[in-house]
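S.K.: Need coordinates for the following:
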Amino acid sequence: MAIHVASIMAMAVSVADRPTPIRLVIFDFDGTLSDSGGWFLSIVDHLADRYRFNRVHPAEVEGLRRQSTREVIRRLAIPRWKLPFIARYVRRLFGQNTHQVHLFDGVSEMLAAIAATGVGIAVVSSNSEDNARAVLGPDNVARIGWWACGASLFGKAPKFRRILAQTGVPAANILSLGDETRDVDAAREVGIRAGAVLWGYANPEAFAHLRPDIAFDSPAAVVAHVIEHAATHGASSPP
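M.R.: Presented below is the predicted three-dimensional model:
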């Protein structure tokens, strides 16, 4: 059965009902803030040839969007030992092509609105900090207090723990937002509220079995939720 945005939102009522205020929002970068999915698809066959895994036929793309990150890796027959090498190469290619990647509509306004509430903003990404900063631009970068980038494909949980240590914000007061199933898994591992954005790479069906704590179909919906649940005092900005 198809899982539509409304169905995902209906599954995710638990966080919205909790009184625990939000002091910090942690964003994924690719597919959450930046609309980089098209660029990644444009290089996937090049990566397949270079690292000897299965190519992706255009007709397969939508089906892959419905699968978890681990399922996609199995489908492409990528050995786990190759993942760090692929990730480093992709970060380098991305750095040479940041001019081809743009933010999703409404992202700049979302970050400005969240910052105005006093809620802290962090970015945790498998991409590099330099790449993320280049795409975000100086105005958005100025709104972000903490960065933990260069995570391995399934290594976001340690990066979340680093943000917890740096900010001193309890996990219960943090909302994590990402567009892939691995983002939800990592947030759950460290006890952070796991939010899914439905405008990124993954199809909403990919999140169905994970039951994210909450899901959003637009940056404006994120803003409305944060404003409603913002703590009086957000995370203190780093020196």
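S.K.: Now do the same contact list for Ser108.
M.R.: Gly137, Asp139, Asn140 (Cβ atoms under 8 Å, 6 or more residues apart in numbering). For the C-beta atoms, the positions are set from N, CA and C on the backbone; glycine is no exception.
S.K.: Please spell out the PyMOL selection for the buried subset of those residues.
M.R.: Remark: buried members of those, expressed as a PyMOL selection using 16 or more other Cβ atoms under 10 Å:
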select buried, resi 140
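S.K.: ok, so of the contacts of Ser108, who is nearest Ile43?
M.R.: Gly137 (23.0 Å; Cβ to Cβ).
S.K.: From the contacts of Ser108, pick the one nearest Phe216.
M.R.: Nearest to Phe216 among the contacts of Ser108, with distances taken as Cβ to Cβ, is Asn140, at 18.3 Å.
S.K.: Quick one: the helices in the chain, in order.
M.R.: Per DSSP state H, the chain has helices spanning 5-11, 13-17, 37-51, 61-65, 69-76, 83-96, 107-117, 129-141, 156-167, 181-190, 219-229. These are given in chain order.
S.K.: How about the contacts made by Ala112?
M.R.: For Ala112, counting by Cβ under 8 Å, 6+ apart, the contacting residues are Asp139, Arg143.
S.K.: from now on call the first residue 587
M.R.: Taking 587 as the first residue, the last one we looked at is Ala698.
S.K.: From Lys745, how far out is it?
M.R.: 24 Å (Cβ to Cβ, to the nearest Å).
S.K.: quick one: low-confidence parts of the chain?
M.R.: 587-605, 788-790, 792-796, 818-825 (pLDDT under 70).
S.K.: picking that back up, out of the helices of the chain, which comes closest to Leu610?
M.R.: Across those, closest to Leu610 is helix 742-753 (Cβ to Cβ), at 5.9 Å.
S.K.: Next, the angle from that closest one to helix 767-776.
M.R.: 50 degrees (axes from the mean of the first three to the mean of the last three Cα atoms, to 10 degrees).
S.K.: what does helix 742-753 contact?
M.R.: Contacts of helix 742-753 (Cβ under 8 Å, 6+ apart): 610, 612, 706, 708, 710, 712, 731-732, 734-735, 737, 757, 760, 762, 768-769, 772-773, 775-776, 778, 821-822, 824.
S.K.: what comes up buried for that helix?
M.R.: For helix 742-753, by 16+ other Cβ under 10 Å, it's Lys742, Ala743, Lys745, Phe746, Arg747, Arg748, Ile749, Leu750, Thr753.
S.K.: and the gap between Glu695 and Val809?
M.R.: 8 Å.
S.K.: For those two, indicate the residue with more neighbours.
M.R.: Ranked by neighbour count (other Cβ atoms under 10 Å), Glu695 and Val809 place Val809 first, with 20 against 12.
S.K.: if I pick the more buried one, what's in contact with it?
M.R.: Glu695, Met696, Ala699, Ile700.
S.K.: ok, now Asn683?
M.R.: Applying Cβ under 8 Å, 6+ apart, the residues near Asn683 are Trp625.
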